[in-house]
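Novice: here you go, sequence then predicted model.
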Amino acid sequence: MKAAKIHQPNHLDTLEIPIPEPAANELLIQVMASGICGTDIHIFRGEYLGPYPVIPGHEFSGLVAAVGQSVTRFKPGDRVAVEPNIACDNCYNCLNNRQNFCLNWQAVGVTRPGGMAQYVTAPEKACFDIGDLSFEDGAFMEPLSCVLHGMQRLGVELADKIAILGAGPIGCLILQVARLQGAAQITVVDKNRSRAEASQAFGAGRLCFSLDDLPKDHYDAVIDATGALPVLARTLDFARPGGKVLWFGVPPSGQSMPIEPFTVFRKGLTVLSSFTSVRNSTQALDLLSTGRVSAAKLVSHQLPLEEFQNGIESIERGEPGVMKVLIRPN
Ligand SMILES: [Zn+2]
Ligand SMILES: [Zn+2]
């Protein structure tokens, strides 16, 4: 089979390798759609945890090609998506319902081979039946799960005024979930005009093209969906006194930024983060299958596996019209 392998930071190629054998508790999945995520870019650029070499790809859907002997819920031909974070279910954090902080954490596409390949294996407990959902929508089960976890932590209240910084695919998912939670006015900020304008289709109220135009001390909640340090450093300014700030975007590891803790104190802010998800996959599938959240409309490009690096580079350049880039390995 063909697989895209990152050998070390900034070195990637597509190679021919054997199709993996599923273990007794695993499925072998033929990957039909595999989304490029900011995390894949961080892995490619050496800005994220995890070992090399690695086959990336943790947002994917596909067809069950084979099942291990102890698998009971799936059979070949089933359509599935994968929750890539695999918890041991037997450590202190797992036993306290904090599976996202599992002490023996493994992740498909981070610590074990991922979905930027024609086939991938995953434990049965990490696989979810997507029914009639398209493979494009199915590839959003994972990022939407992460958004749901973060937005549940944030706890948007009825008629809240929200600012979302970053109108990429994640910003547009956050926007839709904030509306479902009852937010009244949602301002979306992105210096990339075409991206900001595209967010109107998902319910953005006001658009802003520069943080300098955003009112200070105004929003009930400010959500960063960029992970960019110059943006994160300013998030505290826009929250109202007593408001909340959610740092959702993944920042580069090992880098710091200037913030004034006095602002957090004086404004009585709640500053939150969100790491992966905790059992949000069925919620995500229900929202996608009922159309309460639209995901496939966020796809701007569908590319063969050989174009994986080009896909990464066009996201990095912020080319007009680039939103979610899906790789179609088969
Ligand atoms: Zn991701
Ligand atoms: Zn654990």
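Specialist: Perfect, I can see it now. Predicted model, so just to flag it, every value in this text is computed and none were measured. Numbering: from 1, shown residues only. Ligands and ions are numbered 1, 2, ... in the order given.

Novice: show me what from the stretch 1-150 of the chain comes close to ligand 1.
Specialist: C37, T39 (CB under 5 Å from the ion). Quick note: C-beta positions are derived from backbone N, CA and C, even for glycine.

Novice: residue of the stretch 1-150 of the chain nearest ligand 1, please.
Specialist: For the stretch 1-150 of the chain and ligand 1, the shortest gap (CB to the ion) falls at C37, measuring 3.0 Å.

Novice: distance of that residue from G109?
Specialist: Look at C37 and G109: by CB to CB, to the nearest Å, they are 9 Å apart.

Novice: if I read this right, the residue of the stretch 1-150 of the chain closest to ligand 1 contacts Y48, doesn't it?
Specialist: No. C37 is beyond contact range of Y48, at 10.7 Å (criterion: CB atoms under 8 Å).

Novice: other SSEs contacting whichever strand or helix holds A4?
Specialist: Using DSSP states H and E, A4 sits in strand 2-8. On a contact count with 3 or more CB pairs under 8 Å, 6 or more residues apart in numbering; DSSP states H and E, strand 2-8 meets strand 11-16.

Novice: and the strand it packs on, C-alpha only, in CSV?
Specialist: Extracted C-alpha coordinates of strand 11-16, given in CSV (Å, rounded to 0.1, in the frame of the first residue of the first chain):
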residue,chain,number,x,y,z
HIS,A,11,11.1,15.4,5.6
LEU,A,12,8.2,13.5,4.1
ASP,A,13,7.6,11.1,1.3
THR,A,14,5.1,8.6,-0.1
LEU,A,15,6.3,5.0,0.1
GLU,A,16,5.1,1.5,-0.7
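
Novice: which elements pack onto that strand?
Specialist: Against strand 11-16 (3+ CB pairs under 8 Å, 6+ apart) you get strand 2-8, helix 308-316.

Novice: quick one: contacts for the most centrally placed residue in the chain?
Specialist: What sits nearest the mean C-alpha location of the chain, by CA atoms, centre = their mean, is P143, with 3.2 Å. Neighbouring residues of P143 by CB atoms under 8 Å, 6 or more residues apart in numbering: G35, C37, E59, P169, I170, L173.
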